[in-house]
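>>> A predicted structure for the sequence below; I have some questions about it.
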Amino acid sequence: VSGRKRHILVDTEGNLLKARVHPADIHDRTGAPLLLAGLKEEFPLLALIWADSAYQGLKTWLQETLGWRLTISKHWWTGLRAIWGSPDQPPPEIPRGFHVLKRRWVVERTFAWFGRNRRMSRDYERLIQTSEMLLYAAMARITLHRLANKQQKIA
């Protein structure tokens, strides 16, 4: 296995809706249509998708093909080269270090949940279909664990 890339579509709670695994040499913009193709029928109420800047080129494709809007999560200073302002005002300060992106953490948290499963911590599989199946199996395990905890709290 020379490398694989996992694309997942999750809801706002981080629950897996769709997963796709493909070779790592395929760019995110090329791999995303493989994930999103045919989802209009499965999720008819879906209207908005949040993504990171790697999916920037998909805005028109999503709007024309599926009728969905795409919002890119990025910091206000991303791509900033200069700021125009009055001479008596100091320029806004760009923070240093790591800052959580709005809505981006939902997908990252889901990947972290998958990483807690021993089989998902590394890519041991020869077949891409097995890797995809294990993503669904890991999410089923997480969901069952949540339901069991909820039942214990009720009882």
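Arrived safely, thanks for sending. Numbers count the residues shown, from 1 in each chain.
>>> distance from the centroid: which residue in this structure tops it?
Asp88 (42.1 Å; Cα atoms, centre = their mean).
>>> distance of that residue from Ile94?
20 Å (Cβ to Cβ, to the nearest Å). To be clear about C-beta, it is placed using only N, CA and C from the backbone, and glycine gets the same treatment.
>>> separation between Tyr124 and Leu134?
In terms of Cβ to Cβ, Tyr124 sits 9 Å off from Leu134.
>>> quick one: Pro95 is in a strand?
No. Going by DSSP: H, G, I helix; E, B strand; the rest coil, the assignment for Pro95 is coil, not a strand.
>>> all numbers from here: first residue = 705
That works, and once the first residue is 705, the last one we named lands at Pro799.
>>> Looking at Tyr828 and Leu838, which is more packed in?
Leu838 (19 against 12; other Cβ atoms under 10 Å).
>>> Strands of the protein, residue ranges please.
708-714, 720-727, 752-755, 773-776 (DSSP state E).
>>> which stretch among these comes nearest Ile832?
Judged by Cβ to Cβ, the one of the strands of the chain that comes nearest to Ile832 is strand 720-727, at 4.9 Å.
>>> Distance from the chain centre to the closest one, please.
10 Å (Cα atoms, centre = their mean, to the nearest Å).
>>> Any figure for the gap between the closest residue to Leu770 other than its chain neighbours and Lys857?
Leaving aside its sequence neighbours, Leu770 sits nearest to Lys744 (Cβ to Cβ, 6 or more residues apart in numbering; 4.9 Å). Lys744 sits 37 Å away from Lys857 when distances are taken as Cβ to Cβ.
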